[in-house]
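Chemist: my questions concern the predicted model and sequence given below.
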Amino acid sequence: MQLNCDLGESDGNWQDGPESQVMPYIDLANIACGYHAGDPETLQRTLALAGEHNVAVGAHPSYADRAGFGRRSMSLQTTEIIAMLHYQIGALEGMALCQGLMLSYIKPHGALYHDMMASPRVREAVFEAVASYHRALPLIMQATARANAHRNEAQSVGINLWFEAFADRRYADDGSLLPRDKSGAVLDQQATLDQATQLCREGTVTTASGAALTISADTLCLHGDNPEAVNAIAALHALIHSR
């Protein structure tokens, strides 16, 4: 299982943010594309760090919602979603190519990610955007009980899916993530390590109600937007790569 992390989400005069702390310990860097966070210099530096540490680079596009950090849903037409994704992915790919790097995958951010999981219309639009990009790139989606159906949908338009689980987020019984505004939705460092250990060893997580939920995932996501999560990255790396 590979460890992925959302990065490049700083703005302004970034000097030594979480990117430099976590990059040595991750396999996949989901790099912001400027719509929810990230300015050109931050993205350039984040890409350079990924290249230095041989970390695969992925585009992390979102709704155009910098004020809300991409966590607010937007009602867009299919053509708008496709253009929005092509614009962001293409921009990051261009910056990556300038450093001799290639994009390896796509992972939507925030509300766009959750809308893709919940809404067939949004998911179809995202799939169409990925399928019509100028070259084939895998798409990361959340591993749920509908994973086989999602894989079939993706394969019908020529997309390869990578399924992910979350180390630092509490799950509901239906396999969705508890909203961030709910108590206990974001796990502390010890709970994050416990959940990751359970997932790697048993293929399950314990939901908010105490139930065991089976999850089959290709990659494990840890968000780097809180200090405890940053501190847990090295331990998760050791856990995953010792198996």
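Modeler: Sure, I can see it.
Chemist: which of the three states applies to H114?
Modeler: Here H114 is helix, with the state taken from DSSP: H, G, I helix; E, B strand; the rest coil.
Chemist: so what's the residue count around it?
Modeler: 18 (other CB atoms under 10 Å). Any C-beta I mention is one placed from the backbone N, CA and C, and that applies to glycine too.
Chemist: same deal with L137?
Modeler: Using other CB under 10 Å, L137 has 19 neighbouring residues.
Chemist: one more: T214?
Modeler: T214: 12 neighbours (other CB under 10 Å).
Chemist: tell me, how many residues neighbour the residue nearest to it when sequence neighbours are not counted?
Modeler: Setting aside the residues directly before and after it, T214 is nearest to T204 in space (CB to CB, 6 or more residues apart in numbering), at 5.3 Å. T204 has 15 neighbouring residues, counting by other CB under 10 Å.
Chemist: ok, now the one 5 residues further on?
Modeler: Using other CB under 10 Å, S209 has 9 neighbouring residues.
Chemist: next: A118.
Modeler: Look at A118: counted by other CB under 10 Å, it has 11 neighbours.
Chemist: so what's it up against?
Modeler: Applying CB atoms under 8 Å, 6 or more residues apart in numbering to A118 gives no contacts.
Chemist: would you mind measuring from it to A167?
Modeler: Going from A118 to A167 by CB to CB, to the nearest Å gives 22 Å.
Chemist: what's the answer for A59, then?
Modeler: A59 is 21 Å from A167, by CB to CB.
Chemist: who's more crowded, those two?
Modeler: Shown here are A59 and A167; by other CB under 10 Å, A167 has more neighbours (29 against 26).
Chemist: what comes up buried for the longest helix anywhere in the chain?
Modeler: For the chain, the helix with the greatest residue count under DSSP state H is helix 78-98. Under the neighbour-count criterion of 16 or more other CB atoms under 10 Å, helix 78-98 has 81-82, 84-86, 88-89, 91-93, 95-96 buried.
Chemist: equivalent analysis for stretch 3-12, please.
Modeler: For stretch 3-12, by 16+ other CB under 10 Å, it's 3-10.
Chemist: rounded mean pLDDT for stretch 93-111, please.
Modeler: Across stretch 93-111, the average pLDDT comes to 98.
Chemist: stretch 22-36 now?
Modeler: Mean pLDDT, stretch 22-36: 95.
Chemist: could you do stretch 63-79 as well?
Modeler: 96.
Chemist: for stretch 185-192, same thing?
Modeler: On average, the pLDDT along stretch 185-192 is 88.
Chemist: how about the CA coordinates for it, as CSV?
Modeler: What follows is stretch 185-192, C-alpha atoms only, in CSV (Å, rounded to 0.1, in the frame of the first residue of the first chain):
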residue,chain,number,x,y,z
ALA,A,185,-14.1,13.4,12.5
VAL,A,186,-10.3,14.1,12.4
LEU,A,187,-8.3,11.6,14.4
ASP,A,188,-5.4,12.5,16.7
GLN,A,189,-1.9,11.0,16.1
GLN,A,190,-2.4,7.9,18.1
ALA,A,191,-5.8,7.1,16.7
THR,A,192,-4.4,7.7,13.2
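Chemist: give me the buried stretch members for that stretch, please.
Modeler: By 16+ other CB under 10 Å, the buried positions in stretch 185-192 come out as 185-187, 189, 191-192.
Chemist: which of those fall in helices?
Modeler: Those of the buried residues of stretch 185-192 lying in helices (DSSP H): 189, 191-192.
Chemist: got those as a markdown table, with distance to A147 columns?
Modeler: Listed next are those as a markdown table, based on distance: CB to CB, whole Å:
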| residue | distance to A147 |
| --- | --- |
| Q189 | 28 |
| A191 | 24 |
| T192 | 23 |
